[in-house]
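Chemist: Model the structure of this input:
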Amino acid sequence: MHIDKAIQLAHEHYQAGNLQQAEEICREILKVQTDNAHVYNNLGIILDKKGQIDEAITCYRSALQFDPTLFDVYYNLGNALKEKNQLDEAIIIYRKALQLNPNLCDAYINLGIALKGKHQLDEALICYQKALQINPGNASVYYNLGVAMQMKGQFDEAIRCYQKALQLNHNAYYVYNNLGLAFLEKGQFDEAITCHQKALEMNPNYSDAHNNLGWALYCKGQFDEAKYCYRRALELDPENVRAHWNISLYYLLTGNFTEGWKEYEWRWKLGELEYHARQDFPQPTWVGSNLEGRKLFIYTEQGVGDEIMFASCLPEVIAQADLCIVECDKRMVPLFSRSFPKAKIIEPISTYGRFPGELQSADLKVAIGSLPLFLRPSLSSFPQRPSYLIPDVQSVSLWRDRYVEMGKGLKIGISWRGGKTPLVQRTRSTDLEQWSKLFSIKRAHFINLQYGDCTTEIREATERLGVTIHDWEDADPLKDLDGFAAQIAALDLVITVDNATVHMAGALGVPVWVLLSYACEWRWMLKFEDTPWYPSARLFRQSSFGDWGGVFENVYDALKNAVVDSHVLMEQWRQSLKHSYVTQI
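Modeler: Just a heads-up that it's a prediction; the model follows:
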């Protein structure tokens, strides 16, 4: 058969979906014309379609060896490399395609996607803008532009891009899904719910949209409806990592710790934990087995607050093992060393995947956030210890001396902002204006515990509200957590939104009043005014979305009573609750 006719026949088979026949014809041609770049490209396309990406890449490279001027082959190779997540090389290859053909709109789009994958968002935006210059009516460009804007935290701009994409392509259900996520980050829950529902009207089997609808409902406080959505997402896709993670939060929030901790292990597949590489250490993972005579490496994960909270499990596991090597945030090494003297406390290991030779070798490893899976199977399994972190005695004494100089009255540490993402910051945080009624209480002295630069906020509060919020330059929790612990330990009371300050105060056994948003984090559960994690904590919850006014009214009443006779009232409060999370199981 003539070569041109064979190529045509292979193309017809490909178009008809007869991939095996198309592949066989291409291979027969290459036996005769071993340098036919176009056939190598076609064979690569066929193999790509069959999911044989590595073989496709080999074919594209062969095509370029014989003809390095074929821009479409560079484009195909870039796509295959992107599919394999080899983004650095994909970026180089896309740029070569665009050097050969500067009007290749799809190459700009996919180059932007690859750059976005490398978090080179500004460069990705330039690519999308160039694609729009070539084809201003391309819905895909607006969609990807929206994704990049969303990653940059520019949610209003992302929403405009998604809406433009939907004007150009009314049936793009995946755009509705992302539009819902953008609305969610702005705290517009009803709009988010509507978008995810529209996505599901178009594609009822869209697992991610079921999950995202569940998350929007969860954020709105409709927890049971959220659970239904997560379950539906998992029915459609049992490997939906985000749905597994979200349902773990539901279970933990509602006190189903047995299922919650199991699902919580899916966090390692999220791709968002900073210390993923710890799982590559050579030791087997501890799964709750007998630790007698064994050495256990406990590695760090997540943020400071979580690390402190999960450290409540350390006394039990340290007592079981021959030795525990506990990795923690560098700033907490002195505090943890003092608090857990029978363990070896180290800062995070820099040799990822390789246990340092200078350390005593461990037999087993486990993430600190996985300890509750074995040690906290139910609410009744939480020990009733008043505290577990020990501050430096001399530093505590120095802070108490500073506080004495303020005069008589309660010494109260305050923190008013928290959260890492825009949505969490928006729902958790307050401003000092909302604290004004508390500041009016006599015999109460307020001390700044807010981490980060808040000099302007404190100055403005002094000018507007006439309150003195005591602050010291040598107190910096972002640098010195051991000093922060001593500062908190010297206080009579801490009042704070949900952030790391809660965990530090609770772990030290200092009375801490926690101001919680309506749909708060899983660890605070539902309805209770206390928590199994910290016996010294009292929870003040919003009764509806954004109702900080009601929260501060309740705190004001409690604080007014506390300043009258703080020791008696605090003890009465602790006794009256009788740990509701246990009595209501």
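Chemist: so how far does stretch 181-193 reach from one end to the other?
Modeler: In stretch 181-193, first residue to last residue: 9 Å (CA to CA, to the nearest Å).
Chemist: ok, now stretch 143-159?
Modeler: As for stretch 143-159, its first-to-last residue distance stands at 10 Å under the measure CA to CA.
Chemist: So which bits of it are buried?
Modeler: Buried positions in stretch 143-159, judged by neighbour count with 16 or more other CB atoms under 10 Å: 143-150, 154-155, 157-159. Glycine gets a C-beta too; all of them are placed from N, C-alpha and C.
Chemist: One more: stretch 168-182?
Modeler: Buried residues in stretch 168-182, counting neighbours by 16+ other CB under 10 Å, are found at L168, N169, A172, Y173, V175, Y176, N177, N178, L179, G180, L181, A182.
Chemist: Can you lay out the buried residues of stretch 143-159 as a markdown table showing distance to P377?
Modeler: Conversion of the buried residues of stretch 143-159 to a markdown table gives the following (distance: CB to CB, whole Å):
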| residue | distance to P377 |
| --- | --- |
| Y143 | 44 |
| N144 | 45 |
| L145 | 47 |
| G146 | 43 |
| V147 | 40 |
| A148 | 43 |
| M149 | 44 |
| Q150 | 38 |
| Q154 | 44 |
| F155 | 40 |
| E157 | 46 |
| A158 | 42 |
| I159 | 43 |
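Chemist: mind showing which ranges of the stretch 301-450 of the chain have poor pLDDT?
Modeler: Segments of the stretch 301-450 of the chain classed as low confidence (criterion: pLDDT under 70) are 351-354, 358.
Chemist: residue ranges of the helices in it, please?
Modeler: When assigned using DSSP state H, counting those that start in this stretch, the helices of the stretch 301-450 of the chain occupy the ranges 304-310, 314-320, 333-339, 371-375, 393-404, 422-428, 436-439.
Chemist: circling back: among the buried residues of stretch 168-182, which pair sits farthest apart?
Modeler: Taking CB to CB, the two most distant members of the buried residues of stretch 168-182 are L168 and L181; they sit 19.7 Å apart.
Chemist: shouldn't M406 be in contact with H445?
Modeler: Yes: contact between M406 and H445 holds when scored by CB atoms under 8 Å: they sit 4.5 Å apart.
Chemist: what touches both of these two?
Modeler: With contacts defined as CB atoms under 8 Å, 6 or more residues apart in numbering, the residues shared by M406 and H445 are H470.
Chemist: Check which helix or strand G187 maps to.
Modeler: Assigned by DSSP states H and E, G187 belongs to neither a helix nor a strand.
Chemist: Contacts only, for the closest residue in space to it that isn't next to it in sequence.
Modeler: Nearest residue to G187 in three dimensions, chain neighbours excluded: R426, at 5.1 Å (CB to CB, 6 or more residues apart in numbering). Contacts for R426 (CB under 8 Å, 6+ apart) come out as K186, G187, G419.
Chemist: in stretch 125-134, what's buried?
Modeler: The neighbour-count criterion (16+ other CB under 10 Å) identifies L125, C127, Y128, K130, A131, L132, I134 as the buried residues of stretch 125-134.
Chemist: Was I right to think the third one contacts A148?
Modeler: Pointing back at Y128 there. Yes: with contacts counted by CB under 8 Å, Y128 reaches A148, the gap being 6.8 Å.
Chemist: so what's the backbone phi/psi at the closest residue in space to K527 that isn't next to it in sequence?
Modeler: In space, not counting the residues next to it along the chain, K527 is nearest to R541; the distance is 7.9 Å by CB to CB, 6+ apart. Phi and psi for R541, reported as degrees, to the nearest 10, are phi -110, psi 150.
Chemist: Show me what R541 is bridged to.
Modeler: L516 (DSSP bridges).
Chemist: Show the pLDDT at it.
Modeler: In this model, R541 is scored at 96, pLDDT.
Chemist: Spell out which residues are contacts of both of Y128 and A148.
Modeler: Contact criterion CB under 8 Å, 6+ apart; residues bridging Y128 and A148 by contacting each: G112.
Chemist: related to what we said a few turns ago, the more surrounded of M406 and H445?
Modeler: Under the criterion of other CB atoms under 10 Å, the comparison of M406 against H445 puts H445 first, with 19 against 13.
Chemist: Is it correct that the more buried one is in contact with L410?
Modeler: Yes: under the criterion of CB under 8 Å, H445 makes contact with L410 at 6.8 Å.
Chemist: Give me the distance between the residue nearest to G187 and F540.
Modeler: When CB to CB, to the nearest Å is the yardstick, R426 and F540 sit 19 Å from each other.
Chemist: likewise S312?
Modeler: On the measure of CB to CB, S312 and F540 end up 22 Å apart.
Chemist: The two: who's more crowded?
Modeler: Taking S312 and F540 together and counting by other CB under 10 Å, S312 has the greater number of neighbours (24 against 18).
Chemist: Find the nearest non-adjacent residue to that one, please.
Modeler: Y388 (5.7 Å).
Chemist: The nearest residue to I247 once chain neighbours are set aside: neighbour count?
Modeler: Using CB to CB, 6+ apart and skipping the chain neighbours, the partner closest in space to I247 is Y230 (4.1 Å). Using other CB under 10 Å, Y230 is surrounded by 28 other residues.
Chemist: ok, so what distance separates Y230 from N212?
Modeler: In this structure, Y230 and N212 are 10 Å apart, going by CB to CB.
Chemist: Double-check F310 against R376; I have them as touching.
Modeler: No: under the contact definition of CB under 8 Å, F310 does not touch R376, with a separation of 9.6 Å.
Chemist: pretty sure the residue nearest to K527 contacts V551?
Modeler: Yes: under the criterion of CB under 8 Å, R541 is in contact with V551, at a separation of 7.2 Å.
Chemist: Give me the common contacts of the two.
Modeler: Between them, R541 and V551 have L516 as joint contacts when contacts are counted by CB under 8 Å, 6+ apart.
Chemist: coming back round to it: highest average neighbour count across the helices of the stretch 301-450 of the chain?
Modeler: Across the helices of the stretch 301-450 of the chain, averaging neighbours per residue (mean count of other CB atoms under 10 Å) puts helix 304-310 on top, at a mean of 22.
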